[in-house]
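In: Coordinates for the following, if possible.
(one chain, ligands or ions: 1)
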Amino acid sequence: MGNIILIGFMGSGKSSVGRYMHRKGYAFIDTDSYIEKKEKRKIKEIFATDGEAYFRSCETRALEEIIAEGKDDFVIAVGGGLVMTPANQPLLHKLGKVVYLRATVDTLLSRLKDDSNRPLLQGGTMREKIETLMEQREATYKKVADLVVDTDNRSFEHIYRIIKKHI
Ligand code: S3P
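Out: Purely as a prediction, here's the structure:
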């Protein structure tokens, strides 16, 4: 299939780049929004009521459903932790080309510092939380990616052009 999958840390710009590409004519799906619609509640509530493991099962189900629907030429932004479920990795490759939107911890921190909607970043020091999670995830983001795009100080247009050129 000819989809483009955007992966990367929370705050790396997956949804923003996806929405930008939507304005350029791509159909767009965001797995977080997809799950919220199916579950009829916010991610925050899913984590609080049913826990992270349940949310991860929703992510795998969302990928399976999107594959079954036979989407083509879509941009699909996935939640920052979705790639960490090993079973999801072959599903991503089945779905399309995987693009890792990379950002430095400083950039992520500046974008996420006032956020209260991401359960994994609440409580404690935000910088430490980002650093710890990033350490656990970075190698997987790189391993799963067909293309890595640095996003710091780059406009959506610039990021879009890099993706178009290489995918
Ligand atoms: C998560 C990232 C979030 C959302 C959930 C868990 C993660 O999505 O899926 O809060 O584990 O990194 P974004 O990456 O779109 O913020």
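
In: okay, CA-based contacts and neighbour counts for the rest of this
Out: Noted.

In: What segments of this protein are helices?
Out: 14-23, 31-39, 43-68, 88-95, 105-112, 126-144, 156-166 (DSSP state H).

In: out of those, which comes closest to P119?
Out: Using Cα to Cα as the measure, helix 43-68 is the one of these that comes nearest P119, at 6.0 Å.

In: Up against the ligand, what does the chain have?
Out: F9, M10, G11, D32, G79, G80, G81, R118, P119 (Cα under 6 Å from any ligand atom).

In: that older thread, and the helices of the chain as JSON lines, adding mean pLDDT and mean neighbour count?
Out: Listed next are the helices of the chain as JSON lines, based on pLDDT from 0 to 100; neighbours: other Cα atoms under 10 Å:
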{"stretch": "helix 14-23", "mean pLDDT": "97", "mean neighbour count": "19"}
{"stretch": "helix 31-39", "mean pLDDT": "98", "mean neighbour count": "16"}
{"stretch": "helix 43-68", "mean pLDDT": "97", "mean neighbour count": "16"}
{"stretch": "helix 88-95", "mean pLDDT": "97", "mean neighbour count": "18"}
{"stretch": "helix 105-112", "mean pLDDT": "96", "mean neighbour count": "16"}
{"stretch": "helix 126-144", "mean pLDDT": "97", "mean neighbour count": "16"}
{"stretch": "helix 156-166", "mean pLDDT": "96", "mean neighbour count": "13"}
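
In: Which among those is found nearest to I5?
Out: helix 88-95 (7.3 Å).

In: what does the closest one rub up against?
Out: M1, G2, N3, I5, T60, L63, E64, I67, L82, V83, V98, V144 (Cα atoms under 8 Å, 6 or more residues apart in numbering).

In: Just give me the closest of those residues to the ligand.
Out: Looking at the contacts of helix 88-95 and their distance to the ligand, the nearest is L82, at 6.7 Å (Cα to the nearest ligand atom).

In: pretty sure the closest one contacts E59?
Out: Yes - counting by Cα atoms under 8 Å, E59 is a contact partner of L82 at 6.5 Å.

In: Could I get the CA-only coordinates of stretch 94-111 as CSV?
Out: Output of stretch 94-111 as CSV, limited to C-alpha atoms (Å, rounded to 0.1, in the frame of the first residue of the first chain):
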residue,chain,number,x,y,z
LYS,A,94,2.4,-3.7,5.8
LEU,A,95,0.6,-0.4,5.9
GLY,A,96,3.2,1.7,4.1
LYS,A,97,6.5,3.6,4.4
VAL,A,98,7.5,4.6,7.9
VAL,A,99,8.8,8.1,8.6
TYR,A,100,10.4,8.9,11.9
LEU,A,101,10.0,12.6,12.8
ARG,A,102,12.9,13.3,15.1
ALA,A,103,13.2,16.2,17.5
THR,A,104,15.6,17.0,20.3
VAL,A,105,14.6,16.8,24.0
ASP,A,106,14.7,20.6,24.3
THR,A,107,12.3,21.0,21.4
LEU,A,108,10.0,18.3,22.7
LEU,A,109,10.1,19.9,26.2
SER,A,110,9.2,23.4,24.9
ARG,A,111,6.2,21.9,23.0
